[in-house]
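Undergrad: The following comprises the amino acid sequence and a computationally predicted model.
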Amino acid sequence: MNVQYTALKPQRRGTLDVERLRADFPILRLHVKGKPLVFLDNAASSQMPQPVIDRWLRYQTTQHANIHRAVHTLSETATAEYEAARGKLQAFLNAKEEREVIFTSGTTDAINLVAHGYGRKFIGAGDEIVLTTLEHHSNIVPWQMVAEERGARLRVVPVNDRGELIVEEYERLVGSRTKLVALTHVSNALGTVNPVREMIAMAHAKGIPVLLDGAQAVPHMKVDVQDLDCDFYAFSGHKMFGPTGVGVLYGKAAWLEKMQPFKGGGDMILSVTFEKTTYNVIPHKFEAGTPPIAAAITLGAAVDYLAGVGMERIAAYETDLLDYATEQVNRLPGVRIIGTAEKKAAVLSFTVGGVHPHDVGTLLNEEGVAVRTGHHCAQPVMQRFKVPATSRASFAFYNTHEEVDALVAGIRKVQKVFG
Ligand code: C6P
């Protein structure tokens with residue numbers, strides 16, 4: 001395809017050898033509806049590179065056994081590999097200690113762990129939990145459940161017309177009744193990158209812990225939990241080039257020690273009698289039953305892969321790509337971009353005048369372009385912008401400027417069909 005990068009400053013391109021990296025992702029070679037696949041649904045789930053797929057295969061073919069339970073060689077190998085993956089995640093996040101990394105089944109599971117382990121223990125009648133308009137349902141519903149059960153109240157930080165949190169309102173909402181702030185690092189529906197470092201400092205000044213939903217941040221930027229000073233950080237493996245079925249909850253050891261376990265069962269105990277159970281130490285206290293061993297080890301490989309590419313380089317490349325996409329889509333008459341924050345990551349949500357997003361998605365699919373359409377599990381965001389749904393292109397470092405052009409050409413076709 002012959003493409004002109006009119007919007008790009010040449011020196012900022014070429015931070016990544018994208019063509020070489022794309023070769024690592026077998027699925028990107030697919031054709032859909034007879035056209036080369038243009039996969040722009042990475043916020044929902046991203047693709048796995050061959051070395052990560054190979055890691056799963058190697059585990060399953062040569063290392064698989066249950067962990068923490070036996071002295072035979074395979075079990076010891078699997079245990080060592082699983083715990084090594086925890087160490088990789090610790091380094092990825094720059095967590096102080098390995099025991100601060102808990103493997104969960106995903107972001108939703110991680111947030112529910114905190115809702116149960118912290119919320120049900122420390123939140124009581126009349127207390128408040130501060131959330132934001134930008135939250136995914138998985139960072140709303142668990143808190144609603146806790147609030148209902150405990151007689152607490154949710155307070156919601158509003159956003160401006162660009163989709164940026166109104167920090168002055170946040171400062172006003174965080175008060176003596178607040179027991180937790182739970183907010184997303186990056187909005188899945190709009191792409192807004194929230195000023196989380198400052199917001200955490202404000203909460204801490206009042207002695208309030210902060211949970212960050214990092215599902216849409218970890219694939220796109222360097223996350224350093226010590227630098228952020230967050231108390232909890234939750235994310236999913238399948239959005240960061242790893243497998244489904246695994247995620248991580250980072251928690252400061254001091255909090256994890258005080259929290260009650262989420263699930264009861266094997267491996268989370270030191271001793272059990274019918275009279276009394278003594279819980280295991282962290283992180284095991286929060287990993288009841290057989291964990292997602294293969295998935296966790298494979299996630300460790302995804303972290304290695306990302307480290308090889310370099311998070312700073314990924315962030316720089318994707319900023320460029322998003323700028324280019326924004327500029328190109330902005331040129332289309334009748335197309336409205338929802339979410340125009342100053343700081344955004346990897347997400348372009350839009351509506352095409354007079355066309356239902358579902359039809360936009362269906363027609364784009366005819367062109368081989370995969371986007372997500374709907375409310376993106378963020379209905380309060382849709383309500384704020386007075387749209388029932390949007391079409392959302394979400395990028396990864398393996399997406400190209402040519403693919404953005406294919407998206408734009410696809411939207412033009414949609415407009416022609418409905419014009
Ligand atoms: N967002 C999207 O298309 P799970 O399903 O547990 O892996 O992740 C839930 C979740 C939590 N927080 C944020 C910010 C998210 O974006 C997601 C998942 C996907 O936007 C699927 S709804």
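TA: Sure thing, it's come through. Numbering: from 1, shown residues only.
Undergrad: Need the three-state assignment for Y82.
TA: Under DSSP: H, G, I helix; E, B strand; the rest coil, Y82 falls in the helix class.
Undergrad: Can you tell me how far it is from S75?
TA: Relative to S75, Y82 is positioned 10 Å away (CB to CB, to the nearest Å). Backbone N, C-alpha and C define where each C-beta goes, glycine included.
Undergrad: Compare neighbour counts for the two and give me the winner.
TA: When neighbours are counted by other CB atoms under 10 Å, Y82 and S75 differ, and Y82 comes out ahead with 22 against 17.
Undergrad: Which residues are in contact with each of Y82 and S75?
TA: I67 (CB atoms under 8 Å, 6 or more residues apart in numbering).
Undergrad: What residues does K206 make contact with?
TA: K206 makes contact with 174-176, 178 under the criterion CB under 8 Å, 6+ apart.
Undergrad: again, but for L183
TA: Taking CB under 8 Å, 6+ apart as the contact definition, L183 lies against 130-132, 134-135, 139, 157, 165, 194, 196, 199, 210-213.
Undergrad: before we move on, what about A95?
TA: For A95, the contacting residues are 89, 101, 225-226, 250, by CB under 8 Å, 6+ apart.
Undergrad: wait, is it part of a strand?
TA: No - under three-state DSSP, A95 sits outside any strand and is assigned coil.
Undergrad: where's it relative to F232, distance?
TA: 11 Å.
Undergrad: Ok, D405 next?
TA: Per CB to CB, D405 is found 40 Å from F232.
Undergrad: who's more crowded, those two?
TA: For D405 versus F232, the count of surrounding residues by other CB under 10 Å is larger for F232: 28 against 19.
Undergrad: In terms of helices and strands, where is the residue sitting furthest away from the middle of the chain?
TA: Of all residues in the chain, E275 has its C-alpha farthest from the mean position, at 40.8 Å, by CA atoms, centre = their mean. Assessed by DSSP states H and E, E275 sits outside every helix and strand.
Undergrad: Without its sequence neighbours, what residue ends up closest to F286?
TA: Nearest non-adjacent residue to F286, counting by CB to CB, 6 or more residues apart in numbering: I102, 4.7 Å away.
Undergrad: In this structure the one you found contacts K252, no?
TA: No - at 11.8 Å, I102 and K252 do not qualify as touching, with contact defined as CB atoms under 8 Å.
Undergrad: The two: which has the busier surroundings?
TA: Counted by other CB under 10 Å, I102 and K252 do not tie: I102 has more neighbours, with 27 against 20.
Undergrad: In which helix or strand does that one reside?
TA: Using DSSP H and E, I102 falls within strand 101-104.
Undergrad: Kindly report the same for G126.
TA: According to DSSP H and E, G126 maps onto no helix or strand at all.
Undergrad: for the one 3 residues further on, same thing?
TA: Counting by DSSP H and E, the secondary-structure element that holds I129 is strand 128-132.
Undergrad: Quick one: mean pLDDT for that strand?
TA: What strand 128-132 shows for mean pLDDT is 98.
Undergrad: so what strands line up beside it?
TA: On the basis of DSSP bridges, the sheet neighbours of strand 128-132 come out as strand 153-157 (parallel), strand 178-184 (parallel).
Undergrad: pretty sure P219 is in contact with S45, am I right?
TA: No - in this structure, P219 is not within contact of S45 by CB under 8 Å, at 10.5 Å.
Undergrad: Can you pull the residues that touch both of those two?
TA: Residues touching both P219 and S45 (CB under 8 Å, 6+ apart): K239.
Undergrad: what about these two, which has more around it?
TA: P219 (29 against 16).
Undergrad: confidence score at that one?
TA: As predicted, P219 sits at a pLDDT of 98.
Undergrad: what do you get for V347?
TA: Listed pLDDT for V347 reads 98.
Undergrad: Look up phi and psi at the residue lying closest to K252 once chain neighbours are set aside.
TA: In space, and not counting its chain neighbours, K252 is closest to D231: 5.2 Å by CB to CB, 6+ apart. Here is the backbone geometry of D231 (degrees, to the nearest 10): phi -90, psi -30.
Undergrad: ok, D231 - how many residues close by?
TA: Number of residues near D231 (other CB under 10 Å) recorded here: 24.
Undergrad: Just give me the neighbour total for D227.
TA: For D227, the neighbour count with other CB under 10 Å is 10.
Undergrad: chain center to the helix or strand where it lies, what's the gap?
TA: If you go by DSSP H and E, D227 is part of helix 225-228. Distance of helix 225-228 from its chain centroid, counting by CA atoms, centre = their mean, to the nearest Å, is 17 Å.
Undergrad: For this structure, which residues are neighbours of the ligand?
TA: By CB under 6 Å from any ligand atom, the residues of the chain that approach the ligand are 43-44, 106-108, 136, 138-139, 184, 188, 213, 215-216, 236, 372, 376-377.
Undergrad: can we see that at 5 Å?
TA: Within reach of the ligand by CB under 5 Å from any ligand atom, the chain has these residues: 43-44, 106-108, 136, 138, 184, 188, 213, 215-216, 236, 376-377.
Undergrad: Just the ones of those in strands?
TA: Using DSSP state E, 184, 213, 236 are the members of these that sit in strands.
Undergrad: pretty sure the last one is touching A217, no?
TA: I take that to be S236. No - with contacts counted by CB under 8 Å, S236 stays clear of A217, the gap being 11.3 Å.
Undergrad: the more surrounded of those two?
TA: Using other CB under 10 Å as the criterion, S236 and A217 rank with S236 on top: 30 against 24.
Undergrad: Pairing-wise in the sheet, spell out the partners of the more buried one.
TA: Following DSSP bridges, S236 is listed with bridge partners G247.
Undergrad: what's near enough to touch it?
TA: Counted by CB under 8 Å, 6+ apart, S236 has contacts 106-107, 215, 246-247.
Undergrad: Same question for T133.
TA: Contacts of T133 (CB under 8 Å, 6+ apart): 156-159, 165, 380-381, 384.
Undergrad: Let's have those in CSV, adding secondary structure and distance to F397.
TA: Below are those laid out as CSV (DSSP: H, G, I helix; E, B strand; the rest coil; distance: CB to CB, whole Å):
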residue, secondary structure, distance to F397
V156, strand, 33
V157, strand, 30
P158, coil, 32
V159, strand, 27
L165, strand, 26
P380, helix, 29
V381, helix, 25
R384, helix, 30
